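Undergrad: What shape does this take:
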Amino acid sequence: MVKFCDRGRSCRKPLTIKYFYAIFKIMPRLARLDAPGVLHHVMGRGIEQNEIFLNNEDRKDFIKRLEILALDNAIDVYAWTLLPNHFHLLIKTKERPLSSTMRKLLTGYVVNYNKRHMRHGHLFQNRYKSIVCQEDVYLNELVRYIHLNLLRAKIVKSLNKLNLSPWSGHSALMGKVKRNWQNTDYVLSLFGNKRNRRKNYLAYVEKGIKKGHRPELVGGGLIRSMGGWSEVIALRERGDKNVYDQRILGESDFVEKIVSDLDEMAKRNLKRLGKRIDLEKLAEKICNKFDISMNELCSGSRRKIVIKARQIVSWLAVRELGYTGADVAYFLGVTNSCVTRIVSGTKPDLKKFMKLLR
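TA: Modelled structure (predicted):
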């Protein structure tokens with residue numbers, strides 16, 4: 001039998017049934033939250049607020065990848081905008097889970113970006129942020145909010161300039177830039193008949209200029225739980241009548257329905273945690289303990305001390321803080337199977353590291 005380790009090289013230990021069982025035990029199944037037909041407001045930022053689009057070639061590459069996913073029936077795209085250090089998407093999942101779609105979009109973009117600019121390493125700050133949205137209540141608002149970002153950031157100087165800008169979906173809705181992959185018909189249908197809908201849409205966008213930044217549309221105005229789904233469920237169990245979470249934008253009944261749709265296995269795998277330390281901060285603390293750099297931790301180095309530090313980060317993040325193996329693998333720059341092997345193996349001595357979780 002051919003034996004492979006997580007990096008594809010031959011190794012002594014084969015993949016066992018116990019190993020595959022550990023994957024399902026540790027990694028929660030996808031909840032119905034990520035089922036087809038769910039509307040998501042997705043945001044991604046550059047690491048340390050660095051720019052992720054340095055020139056028009058970068059922007060065109062990102063847009064082309066978004067186009068391919070839309071034409072491949074993975075998503076419906078309703079709104080989007082590209083700013084120097086972050087992006088916004090308003091998309092509805094179709095034949096693929098959101099996680100799969102975003103992985104294909106971002107991984108491919110980062111690979112090309114690094115080649116173009118002769119760099120290596122992470123580009124985005126942790127994982128993208130995704131908010132499930134109540135379509136009938138918030139779709140119009142979100143389309144307007146997302147497209148006005150270019151104007152609020154003063155990247156374009158006027159609404160007329162925004163109408164022509166190729167770096168958001170607004171120009172396609174105005175008929176100034178042709179994008180067959182963007183679902184403009186559905187969005188415009190919300191603004192009346194074919195004769196007046198573009199005019200009505202533009203008037204609606206113009207009214208939004210005075211509203212300024214809208215924190216309630218990105219979760220900032222809601223009761224938020226940094227523990228993710230676990231705290232939402234905890235709120236329900238305590239009988240809280242208004243259940244909100246940073247991953248959901250909608251009325252209380254909508255949030256209640258989304259949460260109740262989580263299957264039982266997903267619920268059992270959730271950690272009942274309050275505010276938890278950010279992965280990057282945890283990794284920095286571990287690096288300080290082992291006297292290594294963050295770059296070395298995430299470089300795939302096989303030095304014993306780096307492997308040990310990676311093991312501690314993985315165990316604390318997955319077992320104690322409730323991060324998924326995919327989150328940790330993405331952050332560390334290793335494969336999912338690598339993290340799964342670590343946290344399903346012998347437990348390291350964590351006593352002296354537990355205080356780092358505070």
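Undergrad: got the CA coordinates for stretch 332-346 in PDB?
TA: Output of stretch 332-346 as PDB, limited to C-alpha atoms (Å, rounded to 0.1, in the frame of the first residue of the first chain):
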ATOM      1  CA  LEU A 332      -0.600  28.200   9.300                       C
ATOM      2  CA  GLY A 333      -0.300  27.500   5.600                       C
ATOM      3  CA  VAL A 334      -0.600  23.700   5.900                       C
ATOM      4  CA  THR A 335      -3.100  21.200   4.600                       C
ATOM      5  CA  ASN A 336      -6.300  20.400   6.500                       C
ATOM      6  CA  SER A 337      -5.100  16.800   7.000                       C
ATOM      7  CA  CYS A 338      -1.900  18.100   8.700                       C
ATOM      8  CA  VAL A 339      -4.000  19.800  11.400                       C
ATOM      9  CA  THR A 340      -6.300  16.800  11.700                       C
ATOM     10  CA  ARG A 341      -3.300  14.600  12.300                       C
ATOM     11  CA  ILE A 342      -2.000  16.900  15.000                       C
ATOM     12  CA  VAL A 343      -5.200  17.200  17.000                       C
ATOM     13  CA  SER A 344      -6.200  13.600  16.700                       C
ATOM     14  CA  GLY A 345      -2.700  12.400  17.900                       C
ATOM     15  CA  THR A 346      -1.200  12.400  21.400                       C
END
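Undergrad: how far does that stretch sit from the chain's center?
TA: 21 Å (Cα atoms, centre = their mean, to the nearest Å).
Undergrad: how about it: buried residues?
TA: Neighbour-count burial for stretch 332-346, with 16 or more other Cβ atoms under 10 Å as criterion, is recorded at 332, 334-344. The way it works is simple: take the backbone N, C-alpha and C, and place the C-beta from them, glycine included.
Undergrad: Which pair of these spans the longest distance?
TA: Taking Cβ to Cβ as the measure, these reach their widest spread between L332 and S344, a distance of 16.1 Å.
Undergrad: pLDDT weak spots in the chain?
TA: In the predicted model of the chain, residues 1-35, 212-276, 358 satisfy pLDDT under 70.
Undergrad: Can you classify A326 by secondary structure?
TA: helix (DSSP: H, G, I helix; E, B strand; the rest coil).
Undergrad: any idea what sits nearest it, other than its immediate chain neighbours?
TA: N336 (5.5 Å; Cβ to Cβ, 6 or more residues apart in numbering).
Undergrad: Could you do S314 as well?
TA: Closest residue to S314 apart from its sequence neighbours, by Cβ to Cβ, 6+ apart: I342 at 4.4 Å.
Undergrad: For the stretch 251-358 of the chain, just list every one of the strands.
TA: For the stretch 251-358 of the chain, no strands are identified by DSSP state E, counting those that start in this stretch.
Undergrad: Run through the neighbouring helices and strands of the longest helix seen in the chain.
TA: Ordering each helix of the chain by length in residues (DSSP state H) puts helix 98-116 first. Packing partners of helix 98-116 (3 or more Cβ pairs under 8 Å, 6 or more residues apart in numbering; DSSP states H and E): strand 39-45, helix 56-71, strand 86-93.
Undergrad: Next, format those as a markdown table and append distance to K178 and mean neighbour count.
TA: Listed next are the helices and strands packed on helix 98-116 as a markdown table, based on distance: least, Cβ to Cβ, whole Å; neighbours: other Cβ atoms under 10 Å:
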| stretch | distance to K178 | mean neighbour count |
| --- | --- | --- |
| strand 39-45 | 24 | 21 |
| helix 56-71 | 12 | 17 |
| strand 86-93 | 19 | 23 |
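Undergrad: With distance to Q125 added, can I get those in a markdown table?
TA: Below are the helices and strands packed on helix 98-116 laid out as a markdown table (distance: least, Cβ to Cβ, whole Å):
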| stretch | distance to Q125 |
| --- | --- |
| strand 39-45 | 5 |
| helix 56-71 | 16 |
| strand 86-93 | 9 |
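Undergrad: Can you say which of the ones you listed is nearest to L297?
TA: Closest among the helices and strands packed on helix 98-116, once you apply Cβ to Cβ, is strand 39-45, at 21.0 Å.
Undergrad: What strands line up against the closest one, and which way round?
TA: Pairing partners of strand 39-45, with direction, according to DSSP bridges: strand 86-93 (antiparallel), strand 129-133 (antiparallel).
Undergrad: Mind putting those strands into a markdown table with distance to L316?
TA: Shown next, in a markdown table, are the strands paired with strand 39-45 (distance: least, Cβ to Cβ, whole Å):
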| stretch | distance to L316 |
| --- | --- |
| strand 86-93 | 28 |
| strand 129-133 | 22 |
